[in-house]
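**Student:** Build the 3D model from these lines:
(one chain, ligands or ions: 2)
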Amino acid sequence: MKEAVRAKELDQKERIGNFDEVIQGYTEDQAVEEASRCLQCKNPVCVEGCPVGIDIKTFIKQVQDRDYKGAYLTIREKNNFPSICGRVCPAEYQCSKTCVLTKKDEPFASENAINIHFLERFIGDYGARESITSGSKDKRLTMYKVAVVGSGPAGICCAGELAREGVKVIIYETLHKMGGVLQYGIPSFRLPRDVLDYEIDSLKSMGVEFKPNYIIGKIKTLNDLLEEGFDAVFLGLGAGTPSFLDVEGENLCNVYSANEFLTRVNLMNAYKFPEFHTPVNVGHHMIVIGGGNVTIDSARVALRLQKLNNIEPNTTIVYRRTELEMPARRLEIEHAKEEGIKFELLVQPIEFIGNKDGYVKKIKSLRCELGESDQSGRRRPSPIEGSEFELDCDVAVIAIGLSANQVLTSLTPELKVDKYKDIIVNAETMETSVSHIYAGGDIVGGEGTVIEAMGMAKRAAKSIVKYLNGR
Ligand SMILES: Cc1cc2nc3c(=O)[nH]c(=O)nc-3n(C[C@H](O)[C@H](O)[C@H](O)COP(=O)(O)OP(=O)(O)OC[C@H]3O[C@@H](n4cnc5c(N)ncnc54)[C@H](O)[C@@H]3O)c2cc1C
Ligand code: SF4
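**Tutor:** Ligands and ions are numbered 1, 2, ... in the order given. All right, here's what the predicted structure looks like:
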């Protein structure tokens, strides 16, 4: 069996001086070579690993045959945004993990598994370059209008599905730019903004209207929307509320939540320093706490900003388990290490210590050991008594998790939520406790992935179309 084709990457030293995309993507020959490793299994189990059930086997065959347009149309049947998903999908936990070339019981996709997401990205970029459209349906639903609240992957996916049916869609978004986490969270070295802009623009060309700087719940209520004549509403509110450690000193200056840190950098252009002067302190001893994608993104951003600000790059990730339990994408962990980020593993921060002016200077922590597995299947860390030690730190970013965005739900008591404040839906139709109001993405079931959010949004769109067709 031939070895997997690795996509070209920016040189490690060159990377940290800028925010350019790190993974360069396959060339045509590389894509065909990788596709040709696919066994075209009788029972393509890879499809089971894809949250939206892309016909992976067929699209890979089309790449083998150099029928890129065909491959694009195959993917688009199930996934509206292949260029985005091909860049950010955690394939090592999804389709590539279920590929038969991964050995049983391996925690992540094996190195030999087909790089399905790189192929998807190649095809997505081809489709964008060639302006291929997947054709609209017969547009019977032009007399209806639907409001979508939130412009993250869930919102834009639902909007796209409805617009293809002819429905008039208006997307309301709190922030001044569209895209949700794709815009304010994931850095451009993983998802270049022109890729996102292309998808947003293609929604515009389908007639979707965008209303930025618009908080539903505050400027208008859900009832206002229904009274204005919207036939249905989709809520893609996301999980934008950061969790904190709840330890002493957490409110010292220069202790950020990852959301604030990444928003300042991505949405307020701090990454374009010195062209833009949005202040973001990155200090000489930057510590990022956590183990997920948000942690790795924050650390890699911090390292780049240190370099751009002529500070000796010095960023450390502090995580209370080992690397094996880190929920972040494996390739991103690898990239972080290559770029020079340090890891303090099995470490639990217990206090932020400041100077007399109220600025953080040190983090007191305990060493941990791993015990029994918890509900997530990962071994639980337990702090070792008497193992206290201190780490130098003049800027800290807390990236230990996100929970439901409650701006709208807290003002709308008729919308039923669970104990985590996530919206409760009928899992089949994605309808909430209020008739004709649907929800999907991270606001249903908590922090997930881009493709999972899109999967839910597609289910909701299908229910909305069914409802409108029956009116
Ligand atoms: C830093 C970071 C990195 C990540 N990396 C990955 C990755 O590599 N791969 C992956 O698959 N997933 C990743 N994720 C997770 C993924 O981004 C989320 O699962 C996904 O964005 C959820 O989509 P969503 O549409 O539900 O919510 P969001 O993307 O959070 O979008 C929700 C939008 O709704 C808006 N909104 C909320 N309330 C209102 C209101 N009342 N009125 C108007 N607008 C409102 C918000 O402003 C926001 O723009 C990452 C997440 C973060 C934070
Ligand atoms: S399981 Fe792997 S080898 Fe088999 S069809 Fe899917 S991608 Fe190809």
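**Student:** okay, now residue 428: neighbour count?
**Tutor:** Applying other Cβ atoms under 10 Å, we find 9 residues neighbouring residue 428. C-beta here means a position set from N, CA and C on the backbone, and glycine is covered the same way.
**Student:** longest strand anywhere in this protein?
**Tutor:** strand 360-373 (DSSP state E).
**Student:** and it, what other elements does it pack with?
**Tutor:** strand 347-354, strand 379-383, strand 389-392, strand 395-398 (3 or more Cβ pairs under 8 Å, 6 or more residues apart in numbering; DSSP states H and E).
**Student:** Can you point out the buried residues in it?
**Tutor:** Residues 360, 361, 362, 363, 364, 365, 366, 367, 368, 370 are the ones in strand 360-373 that count as buried (16 or more other Cβ atoms under 10 Å).
**Student:** Equivalent analysis for stretch 304-313, please.
**Tutor:** 304, 305, 306, 307, 308, 313.
**Student:** Sort out which of those are in helices and list them.
**Tutor:** Among the buried residues of stretch 304-313, the residues falling in helices (DSSP state H) are 304, 305, 306, 307, 308.
**Student:** Kindly provide the distance from the closest residue in space to the last one that isn't next to it in sequence to residue 287.
**Tutor:** This points to residue 308. Of all residues not flanking residue 308 in the chain, residue 273 sits nearest, at 5.2 Å (Cβ to Cβ, 6 or more residues apart in numbering). Distance, residue 273 to residue 287, by Cβ to Cβ, to the nearest Å: 21 Å.
**Student:** Helices along the stretch 151-300 of the chain, start to end?
**Tutor:** 153-164, 181-184, 193-205, 222-227, 258-266, 293-308 (DSSP state H, counting those that start in this stretch).
**Student:** Quote the end-to-end distance of stretch 363-381.
**Tutor:** From its first residue to its last, stretch 363-381 covers 19 Å (Cα to Cα, to the nearest Å).
**Student:** hang on, I meant stretch 274-291
**Tutor:** Stretch 274-291 has an end-to-end distance of 30 Å (criterion: Cα to Cα).
**Student:** related to what we said a few turns ago, the longest strand of the chain - what's its average pLDDT?
**Tutor:** The predicted model gives strand 360-373 an average pLDDT of 94.
**Student:** Contacts for that strand, please.
**Tutor:** 249, 252-255, 287, 318, 320-322, 325, 344, 346-355, 379-384, 387-396 (Cβ atoms under 8 Å, 6 or more residues apart in numbering).
**Student:** How far off centre is stretch 404-415?
**Tutor:** 22 Å (Cα atoms, centre = their mean, to the nearest Å).
**Student:** buried residues in it?
**Tutor:** 404, 405, 406, 407, 408, 409, 412, 415.
**Student:** What of stretch 99-110?
**Tutor:** Applying 16+ other Cβ under 10 Å to stretch 99-110 flags 99, 101, 102, 108, 109 as buried.
**Student:** farthest-separated two in these?
**Tutor:** Across those, the longest distance by Cβ to Cβ is 12.8 Å; it joins 101 and 108.
**Student:** ok, back up a step: which one's more surrounded, residue 273 and residue 287?
**Tutor:** Neighbour totals were compared for residue 273 and residue 287, and residue 287 leads with 29 against 17 (other Cβ under 10 Å).
**Student:** Now that one: closest residue in space that isn't a chain neighbour?
**Tutor:** For residue 287, the spatially nearest residue (Cβ to Cβ, 6+ apart) is residue 393, at 4.4 Å.
**Student:** Same check on residue 64?
**Tutor:** The shortest distance from residue 64 to any non-neighbouring residue, by Cβ to Cβ, 6+ apart, is to residue 35 (4.6 Å).
**Student:** is it true that that neighbour touches residue 118?
**Tutor:** No: between residue 35 and residue 118 there is no contact, the gap being 10.0 Å when judged by Cβ atoms under 8 Å.
**Student:** Compare the two and say which one has the larger neighbour count.
**Tutor:** Neighbours per residue (other Cβ under 10 Å) separate residue 35 from residue 118, with residue 35 holding more: 26 against 23.
**Student:** so who does the more buried one touch?
**Tutor:** 60, 61, 63, 64, 114, 119.
**Student:** Give the buried residues for stretch 184-197.
**Tutor:** In stretch 184-197, counting by 16+ other Cβ under 10 Å, buried: 184, 185, 186, 187, 188, 189, 190, 191, 192, 193, 195, 196.
**Student:** Equivalent analysis for stretch 10-27, please.
**Tutor:** 10, 15, 16, 19, 21, 22, 23, 25, 26.
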